[in-house]
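Q: I would like to see how this sequence folds:
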Amino acid sequence: MKVTEIEVHEISLEYQDWIAYPVSHYQGVTRRTVYVAHTDTGLIGLGEGRTEPQEVIDQYLGSNPFEWMGDEVSIGLGTAMYDLMGQAAGVPVYKLFGQKYRSWVPVGSWTVSSAPSHMAEAVENYAAQGYTWLKFHLSPFENVFDQTEAMQAVAPPGFKIHYDFTGGGTDDYMPDLLARLAQYPIAGCFEDSINAGDTLASIDLRRRIPLPIVRHQAPLDATYEVLMGAGDVYMRGHQKFGEAIRAAGLFAAGNIPFMLQNVGGTITRAMVCHMMATFPSATFHFIDSSEILKDEVVHERLEPINGLIRVPEKPGLGLTLDRDELERLTNRELPPIKPWIVKSQFANGTRMYNRYDPLTTRHFLVRPDWTRGGMPHSYASPIETEYWDDDGTPEFAQMMARLVEEGTVLER
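A: Below you'll find the model as predicted:
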């Protein structure tokens, strides 16, 4: 069996209506590359991910898909190879990774930090869809306690929040902030709440905080810090398959829970389900964010029941291509989100304005301190924020001009 052709489709995707406004302002339009690999035996394998250079794609052409077990070159193309391998062998992909440990895999949902009313809406919608976890990146432009109380008020029993502090947080004293959040029944775990390079501080934080400390960033590649006990749970994000297999072995040896975070659509969700079914300690909810998307290029949807997804049992990934949708999404161009203004107000009446462009300042809403010259921020500030889109008024144009010149504007 040889790979004879690989179709490359760059697609544009819309978000679910209820979440489209905050997510599109955070990250703009979502584009993804779908790979459709053909063999001389007539099989078709599916993968998705980033757009790979032609020289990378050429490595797969003419090869036998089984040469790519434990692929460490491309997640998207490697997924298509695993799909082909499973179909050729007549087995689901998980059997290519090892013995199955679980038939149901835990999954979490995702949103961006926004006004408390949106956070409550996210909890209600995802709970109704069968999710029991919600992950979001904290933002110093919203008060995390206001958000938590709004989510707590509508959450069904057992629903949990996965707080992501994105690389160590801001200037808050984290042991105190996490201890206060941990008192809410809805609080579930804390990800990357301190600088990942400070292993001893992470060990100390585990002793102080009663909820799981999740380690995503791992300067030692999740090796020695794992053995030192730096985290309760580990997250491996967008790792090549060979790397994920090796990491899973280390976590299994230490009986340490871990999760995968590979963002994509249903193709990605299916691949992650197959992997987590066979990794012994992959017992924490994975994240793929496919639930925020309105569009899909396969006929199947892998929906959760009580926070769990059933691992597909059909050969390969267990998915079938929707050719009509693939062509429609390939030919569609979505309008980009124009730069807008982050309009905030503190409890003491101070107003703050910042310029935001999803193309150039994507992480500004969660880590404004990464911008040189930025102001210090806190997740516990008494602050409320709204989005000020270009409404064509002189006031918007004048403020945008000031922000281009001054960076941040503060007014009493």
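Q: quick one: low-confidence ranges for the chain?
A: Nowhere does the chain drop to pLDDT under 70.
Q: mind running it again at 90?
A: By pLDDT under 90, the low-scoring segments of the chain are 26-30, 166-172, 194-198, 217-228, 237, 331-338, 357-377, 407.
Q: domains in it, by residue range?
A: Here the domain parsing of the chain from automatic domain parsing is 3-90, 104-314, 340-411.
Q: and of those domains, who's closest to Asn331?
A: The stretch from these with the least distance to Asn331 (C-beta to C-beta) is domain 3-90; that distance is 9.1 Å. (C-beta placed from N, C-alpha, C; glycine too.)
Q: start to end distance for stretch 219-237?
A: Terminal residues of stretch 219-237 are spaced 13 Å apart (C-alpha to C-alpha, to the nearest Å).
Q: mind listing what's buried along that stretch?
A: Across stretch 219-237, burial judged by 16 or more other C-beta atoms under 10 Å covers Ala222, Glu225, Val226, Ala230, Gly231, Asp232, Val233, Tyr234, Met235, Arg236.
Q: next one: phi and psi at the first one?
A: When quoted as degrees, to the nearest 10, the phi and psi of Ala222 stand at phi 50, psi 50.
Q: Trp68 against Gly76, yeah?
A: No. Trp68 lies out of contact with Gly76 (C-beta atoms under 8 Å); the separation is 11.9 Å.
Q: so which of the domains of the chain is nearest Glu333?
A: domain 3-90 (6.2 Å).
Q: and Lys343, what element?
A: strand 340-346 (DSSP states H and E).
Q: the host helix or strand of Glu327 packs against which elements?
A: Assessed by DSSP H and E, Glu327 sits inside helix 323-330. On a contact count with 3 or more C-beta pairs under 8 Å, 6 or more residues apart in numbering; DSSP states H and E, helix 323-330 meets strand 3-13.
Q: who are the packing partners of the strand it packs on?
A: strand 30-39, helix 54-60, helix 75-89, helix 323-330.
Q: can you show me the helices along the stretch 301-412 of the chain?
A: Along the stretch 301-412 of the chain, the segments classed as helices by DSSP state H, counting those that start in this stretch run 323-330, 394-406.
Q: can you say which of those is nearest to Lys343?
A: Judging the helices of the stretch 301-412 of the chain by C-beta to C-beta, what sits closest to Lys343 is helix 394-406, at 8.6 Å.
Q: what does the closest one rub up against?
A: Pro339, Ile341, Tyr353, Asn354, Arg355, Trp388, Asp390, Val409 (C-beta atoms under 8 Å, 6 or more residues apart in numbering).
Q: repeat that for stretch 212-227.
A: By C-beta under 8 Å, 6+ apart, stretch 212-227 touches 162, 164, 167, 188-193, 196-197, 199, 202, 205-206, 230-237, 247, 250-251, 254, 256-257, 259, 261, 284.
Q: out of those, which end up buried?
A: 162, 164, 167, 188-193, 196, 199, 202, 205-206, 230-236, 247, 250-251, 256-257, 259, 261, 284.
Q: out of those residues, list just those in helices.
A: Thr199, Ser202, Leu205, Arg206, Ala247, Leu250, Phe251 (DSSP state H).
Q: mind putting those residues into JSON lines with distance to His299?
A: Listed next are these as JSON lines, based on distance: C-beta to C-beta, whole Å:
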{"residue": "Thr199", "distance to His299": "46"}
{"residue": "Ser202", "distance to His299": "44"}
{"residue": "Leu205", "distance to His299": "45"}
{"residue": "Arg206", "distance to His299": "44"}
{"residue": "Ala247", "distance to His299": "32"}
{"residue": "Leu250", "distance to His299": "37"}
{"residue": "Phe251", "distance to His299": "34"}
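Q: verify the contact between Leu260 and Tyr234 for me.
A: No. At 10.1 Å, Leu260 does not count as touching Tyr234 under the criterion of C-beta under 8 Å.
Q: any idea how far the nearest residue to Gly167 once chain neighbours are set aside is from Ile337?
A: The shortest distance from Gly167 to any non-neighbouring residue, by C-beta to C-beta, 6 or more residues apart in numbering, is to Asp192 (5.7 Å). Asp192 sits 26 Å away from Ile337, going by C-beta to C-beta, to the nearest Å.
Q: and if you look at Arg310?
A: In terms of C-beta to C-beta, Arg310 sits 36 Å off from Ile337.
Q: the two: which has the busier surroundings?
A: Neighbour tally, Arg310 and Ile337, criterion other C-beta atoms under 10 Å: the higher count belongs to Ile337, 18 against 14.
Q: the closest residue to that one other than its chain neighbours: neighbour count?
A: Spatial nearest neighbour of Ile337, chain neighbours left out: Gly28 (4.7 Å); criterion: C-beta to C-beta, 6+ apart. Counted with other C-beta under 10 Å, the neighbours of Gly28 add up to 16.
Q: show me what Tyr234 bridges to in the sheet.
A: In this entry, Tyr234 is beta-bridged to Arg215, Phe258, by DSSP bridges.
Q: hang on, it packs against Gly254?
A: No. Judged on C-beta under 8 Å, Tyr234 makes no contact with Gly254 at a distance of 9.8 Å.
Q: follow-up on the earlier one: a markdown table for the contacts of helix 394-406, including neighbour count and distance to Arg32?
A: Putting the contacts of helix 394-406 into a markdown table (neighbours: other C-beta atoms under 10 Å; distance: C-beta to C-beta, whole Å) gives the following:
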| residue | neighbour count | distance to Arg32 |
| --- | --- | --- |
| Pro339 | 17 | 23 |
| Ile341 | 19 | 29 |
| Tyr353 | 19 | 33 |
| Asn354 | 22 | 29 |
| Arg355 | 21 | 27 |
| Trp388 | 17 | 29 |
| Asp390 | 12 | 27 |
| Val409 | 15 | 36 |
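Q: since that was my last question, I'll sign off now.
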